[in-house]
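Enquirer: sequence unknown, structure follows:
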């Protein structure tokens with residue numbers, strides 16, 4: 001039911017711009033760096049790193065004064081997961097697997113992801129957005145105690161479909177280049193797993209969720225730089241419209257001065 005609701009939100013969100021007038025579609029390309037962890041896997045810390053690359057499209061739907069509202073859709077290759085280095089050095093052997101218990105863990109998840117975002121932009125410089133995404137698990141490798149497990153993307157332990165909630169901030173740093181920071185968290189569990197201690201006693205069954213921060217560099221393809229310049233003129237006073245008003249005020253001021261001088265002469 002939750003998946004159907006989210007899919008309905010996707011459709012409703014992107015049905016809006018097609019009724020808007022004077023649409024301008026802008027293309028984007030992204031390259032980013034992820035720092036990740038998996039909540040619920042008994043490991044604490046954002047020690048897993050990955051890449052975030054892809055393309056997107058922006059649709060401005062509303063503009064007023066210095067503010068604008070934009071919708072965007074992206075197609076990404078996104079690496080997530082969890083990692084922990086060696087934790088135990090006393091060379092204890094697991095009686096079930098026969099492997100040394102080191103505490104090492106490394107989970108690498110590769111997703112194809114489609115985020116849908118709503119951005120609020122100020123002066124075409126700073127944008128803040130929220131959204132949701134659908135991700136499909138494309139690849140998976142897992143190492144426990146330094147040994148590769150038999151778990152794969154299609155073996156059934158992990159849900160191949162993932163839905164996320166996103167929050168994003170990006171700042172224009174030079175012409176069409178922007179720097180961004182994004183946070184994402186799974187709305188749906190990626191796996192449910194039971195954990196045991198060294199003695200084989202159950203520690204409980206936990207649902208696991210991807211938890212990730214991303215730093216990204218964005219390039220906007222077909223954004224007209226003259227639009228940015230006009231936007232800057234509007235708020236710095238360089239707009240000809242502002243010059244005309246200033247000249248008109250100066251003319252009125254000079255006219256009043258001449259009138260006062262004429263009255264003094266006539267006295």
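Expert: Structure received. Small disclaimer: the values here were computed from a predicted structure and weren't measured. Residues are numbered from 1 along each chain as shown.
Enquirer: and residue 252, what helix or strand is that in?
Expert: Using DSSP states H and E, the element containing residue 252 is helix 240-266.
Enquirer: elements contacting that helix?
Expert: Packing partners of helix 240-266 (3 or more Cβ pairs under 8 Å, 6 or more residues apart in numbering; DSSP states H and E): none among the helices and strands. Glycine gets a C-beta too; all of them are placed from N, C-alpha and C.
Enquirer: how far out from the middle of the chain is that helix?
Expert: 54 Å (Cα atoms, centre = their mean, to the nearest Å).
Enquirer: over to stretch 159-179?
Expert: The answer for stretch 159-179 is 2 Å, by Cα atoms, centre = their mean.
Enquirer: tell me the average confidence for it?
Expert: Mean pLDDT, computed over stretch 159-179, is 95.
Enquirer: the strands in the protein, which residues?
Expert: For the chain, the strands defined by DSSP state E cover 26-39, 48-64, 67-84, 105-122, 126-144, 147-148, 161-174, 177-186, 191-196, 202-220.
Enquirer: partners of the first one, with directions?
Expert: In other words, strand 26-39. Strand 26-39 sits in its sheet next to strand 48-64 (antiparallel), strand 202-220 (antiparallel), going by DSSP bridges.
Enquirer: among these, which comes closest to residue 99?
Expert: Proximity to residue 99 (Cβ to Cβ) singles out strand 202-220 among those, at 18.9 Å.
Enquirer: could I get the buried residue list for that closest one?
Expert: Using 16 or more other Cβ atoms under 10 Å as the test for burial, strand 202-220 gives 206, 208, 209, 210, 211, 212, 214, 216, 218, 220.
Enquirer: now the fifth one: how far from residue 111?
Expert: Meaning residue 211. 14 Å (Cβ to Cβ, to the nearest Å).
Enquirer: turn the strands of the chain into TSV, including distance to residue 99.
Expert: What follows is the strands of the chain, written out as TSV (distance: least, Cβ to Cβ, whole Å):
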stretch	distance to residue 99
strand 26-39	21
strand 48-64	22
strand 67-84	16
strand 105-122	13
strand 126-144	8
strand 147-148	6
strand 161-174	30
strand 177-186	30
strand 191-196	14
strand 202-220	19
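Enquirer: figure out which of those is closest to residue 98.
Expert: strand 147-148 (10.0 Å).
Enquirer: pLDDT below threshold where in the stretch 51-200 of the chain?
Expert: 95-96 (pLDDT under 70).
Enquirer: other residues contacting stretch 31-48?
Expert: Contact partners of stretch 31-48, identified using Cβ atoms under 8 Å, 6 or more residues apart in numbering, comprise 49-53, 78-85, 105-108, 180, 182, 189-190, 193, 195, 203, 206-217.
Enquirer: how about a cut-off of 6 Å?
Expert: For stretch 31-48, contacts defined as Cβ atoms under 6 Å, 6 or more residues apart in numbering pick out 49-50, 52-53, 80-84, 195, 206-209, 211-217.
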